[in-house]
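Participant: Below is the sequence, then the predicted model.
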Amino acid sequence: MEGLIGLSQETLGAAIRKPVSRPRIGEGGGEEGMEPVGNLRERIARLPWGDVCANLWSVGYGRMGSVLTGKECEEIRGLYDKPEMFRSRVNMERYRFGRGEYQYFRYPLPREVATLRESLYGFLADTAKEWMEALSLRGDFPRDLDGFLKKCKAQEQVRPTPLLLRYRAGDFNCLHQDVYGEIVFPFQVIFCLSRRDVEFTGGELLLVEQRPRAQSIGHAIHLEQGEGVVITTRYRPVKGSRGFYRANFRHGVSSVLSGERYTLGIISHDAT
Ligand SMILES: [Fe+2]
């Protein structure tokens, strides 16, 4: 779309955020800094899934608001220094993926991570089916994560993909897609585990939508600690005059300017 590329982040952000309410999860929500209440499953169930999914369709991502408490964020990121919890550690610079590092959890996943993966999958599976239909791609997503992981296993995708990422000053993540085999769940969820402007500066989540025969659209998303965002893993179906076409999506992270930023990535499909 001619001219969009010239818009500032603020202009783009305002246009994008207009239909999006920024829910804080909790009774009487809406107050900045309020901690989410209830157990994790209840919090996920209370998310405004209608809005989240509507935004996935319209812009390729849906902000979920505050999901994890500060304590949960600190507990989860505290796992980073326990190598026994992980199956592999990736130095991004070595592979020219960016700078910084991340680690994939091993099975069994930590309780909170497993709960998030199961619950989120359950609320996204129906939309995932419609999404793949719109893209004219095969997408057979059972109602529960176990059923989906069995399908992954049948394709020899058995290694867990939820991951913790650690960025320090100067670190960044190049634009990419997290695809690890034939079977791909079309959505993934990112949680910020550090306090923006207190523990780190910079480090925005970046999304770029590439459309056929058109210039790309960029989104820069500032996440607060505990906040989650669902993003499309690979494509967004865009309604055209003759049905849907595929816009390619990639995500990354801009340079962290100071401090340390941890995020949790919840990917549903396992890896070969
Ligand atoms: Fe990623």
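Facilitator: Looks like it came in fine. Because the structure is a prediction, the values reported are computed rather than measured.

Participant: I'd guessed D140 sits against C152; true?
Facilitator: No: in this structure D140 lies outside contact range of C152 using CB atoms under 8 Å: 11.5 Å. Using the backbone N, CA and C atoms, a C-beta is placed for each residue, glycine as well.

Participant: With neighbour numbers in mind, choose between those two.
Facilitator: Shown here are D140 and C152; by other CB atoms under 10 Å, C152 has more neighbours (23 against 11).

Participant: R213 - how many residues pack around it?
Facilitator: Neighbours of R213 (other CB under 10 Å): 5.

Participant: Going by residue numbers, what spans are helices in the stretch 51-200 of the chain?
Facilitator: 70-78, 111-134, 145-154 (DSSP state H, counting those that start in this stretch).

Participant: Ranking the ones you listed by mean neighbour count, which comes first?
Facilitator: helix 111-134 (a mean of 18; mean count of other CB atoms under 10 Å).

Participant: Can you give the contact residues for that helix?
Facilitator: Residues outside helix 111-134 that contact it (CB atoms under 8 Å, 6 or more residues apart in numbering) are 40-41, 44-45, 47, 49, 53, 56-57, 68, 72, 75-76, 105, 108-109, 138-145, 148, 162, 185-187, 189, 191, 230, 232, 237, 244, 264, 266, 268.

Participant: Extract the CA atoms of that helix and return them as PDB.
Facilitator: Extracted in PDB, the C-alpha atoms of helix 111-134 (Å, rounded to 0.1, in the frame of the first residue of the first chain):
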ATOM      1  CA  ARG A 111       4.100 -26.300  35.200                       C
ATOM      2  CA  GLU A 112       3.300 -22.700  34.300                       C
ATOM      3  CA  VAL A 113       4.700 -23.100  30.800                       C
ATOM      4  CA  ALA A 114       2.800 -26.300  30.200                       C
ATOM      5  CA  THR A 115      -0.400 -24.700  31.500                       C
ATOM      6  CA  LEU A 116       0.000 -21.700  29.200                       C
ATOM      7  CA  ARG A 117       0.800 -23.900  26.200                       C
ATOM      8  CA  GLU A 118      -2.300 -26.100  26.800                       C
ATOM      9  CA  SER A 119      -4.700 -23.300  27.600                       C
ATOM     10  CA  LEU A 120      -3.700 -21.000  24.800                       C
ATOM     11  CA  TYR A 121      -3.800 -23.800  22.300                       C
ATOM     12  CA  GLY A 122      -7.400 -24.600  23.400                       C
ATOM     13  CA  PHE A 123      -8.600 -21.100  22.900                       C
ATOM     14  CA  LEU A 124      -6.900 -20.600  19.500                       C
ATOM     15  CA  ALA A 125      -7.500 -24.000  17.800                       C
ATOM     16  CA  ASP A 126     -10.900 -23.000  16.200                       C
ATOM     17  CA  THR A 127      -9.500 -19.700  14.900                       C
ATOM     18  CA  ALA A 128      -6.500 -21.600  13.600                       C
ATOM     19  CA  LYS A 129      -8.700 -23.900  11.600                       C
ATOM     20  CA  GLU A 130     -10.600 -21.000  10.000                       C
ATOM     21  CA  TRP A 131      -7.200 -19.200   9.400                       C
ATOM     22  CA  MET A 132      -5.800 -22.200   7.500                       C
ATOM     23  CA  GLU A 133      -8.900 -22.500   5.400                       C
ATOM     24  CA  ALA A 134      -8.700 -18.900   4.500                       C
END
